[in-house]
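Trainee: coords below, sequence missing:
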């Protein structure tokens, strides 16, 4: 099984288009140690020929054009793509907007919870994905699903989707309802299996709390990609970038007694990588004390183009 990170930043990317915070400013000016990043997405393949896209970010076109594995086959059809399927972990703009880039009458399959598929079906802009050639398949929770292409040919990858604590997409929030109307299927994690070679990777780009259930779903994974949106819960407020805490946005923080480092300290996973990193997060500075703390705790910070091979 092969995994590649297309995008490692949270919504807005790094640098964010309108952000003048020192992190984005240094990345924009190509300062050493401030590596630019596009918005969160990974790809997986069993054969390096047919790829599954996990979340379709607004930066998808740029990501494809920077990833040779996703180039059309030079000996293939005039319109073609190695992307056979797309798996969505929620309906956030930074995870579904890229679907519009895939609108050129290209056959592929979308896998998502019924809740997320209903969001796509209820928004007429997504009608640009012709239902005659783009299939939508409901992803059941808590059981294995074999991922196939539009011709029902298995891609050699199975996934297990599981609910994680999170929040409904921002554009769907109902402030009159408890938790803004969030439901179980709004946010999921996925465990990606290569059954033939007995490898698995867990991918959880958005999570508000690590429950024992979530830990159990990832146990004995070869690698865990986990929500690294914020280092501190109040960092956006402290930096003057916005009024929301991480918890208000549905993201737990990296640091602190209730943070991700502590929550996963004794987890039975071989490798731990933070992904979906917000442009306010000081770990984006390779030389920061916060980056050092993360690495000393046994974690890595994802970057665009990062590759994992499980032969």
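Mentor: Perfect, thanks for sending it. Note that the coordinates shown come from a computational prediction; the quantities given were computed from them, not determined experimentally.
Trainee: from residue 255, how far out is residue 289?
Mentor: As judged by C-beta to C-beta, to the nearest Å, residue 289 and residue 255 stand 11 Å apart. Yep, even glycine has a C-beta here, placed from its N, CA and C like the rest.
Trainee: I misspoke; the intended subject was residue 108.
Mentor: Between residue 108 and residue 255 the distance is 39 Å, computed by C-beta to C-beta.
Trainee: could I get the full set of strands for the stretch 101-250 of the chain?
Mentor: 108-112, 134-138, 144-148, 154-163, 188-194, 199-204, 223-227 (DSSP state E, counting those that start in this stretch).
Trainee: which one of residue 289 and residue 255 is surrounded by more residues?
Mentor: residue 255 (19 against 10; other C-beta atoms under 10 Å).
Trainee: OK, contacts around the closest residue to the more buried one other than its chain neighbours?
Mentor: Spatial nearest neighbour of residue 255, excluding adjacent residues (C-beta to C-beta, 6 or more residues apart in numbering): residue 231 at 5.5 Å. Residues near residue 231 by C-beta atoms under 8 Å, 6 or more residues apart in numbering: 253, 254, 255, 281, 282, 283, 290.
Trainee: quick check, nearest of these to residue 267?
Mentor: Among the contacts of residue 231, residue 254 lies closest to residue 267 (C-beta to C-beta), at 14.5 Å.
Trainee: distance of residue 100 from residue 150?
Mentor: For residue 100 relative to residue 150 (C-beta to C-beta), the value is 19 Å.
Trainee: buried deepest among the strands of the stretch 101-250 of the chain, which one?
Mentor: Per residue and on average, the most neighbours among those fall to strand 223-227, with a mean of 26 (mean count of other C-beta atoms under 10 Å).
Trainee: just checking, what packs against that one?
Mentor: strand 199-204, strand 272-275 (3 or more C-beta pairs under 8 Å, 6 or more residues apart in numbering; DSSP states H and E).
Trainee: next, the angle from that strand to strand 199-204.
Mentor: 10 degrees (axes from the mean of the first three to the mean of the last three C-alpha atoms, to 10 degrees).
Trainee: mind listing what the residue lying closest to residue 70 once chain neighbours are set aside touches?
Mentor: Closest residue to residue 70 apart from its sequence neighbours, by C-beta to C-beta, 6+ apart: residue 64 at 4.6 Å. Residues near residue 64 by C-beta under 8 Å, 6+ apart: 70, 71, 81, 101.
Trainee: contacting residues around the last one?
Mentor: Going by C-beta under 8 Å, 6+ apart, residue 101 touches 56, 60, 61, 64.
Trainee: burial measure for the nearest residue to residue 265 once chain neighbours are set aside, as a count.
Mentor: Distance criterion C-beta to C-beta, 6+ apart; nearest residue to residue 265, sequence neighbours excluded, is residue 297 at 7.8 Å. Close neighbours of residue 297, defined as other C-beta under 10 Å, add up to 15.
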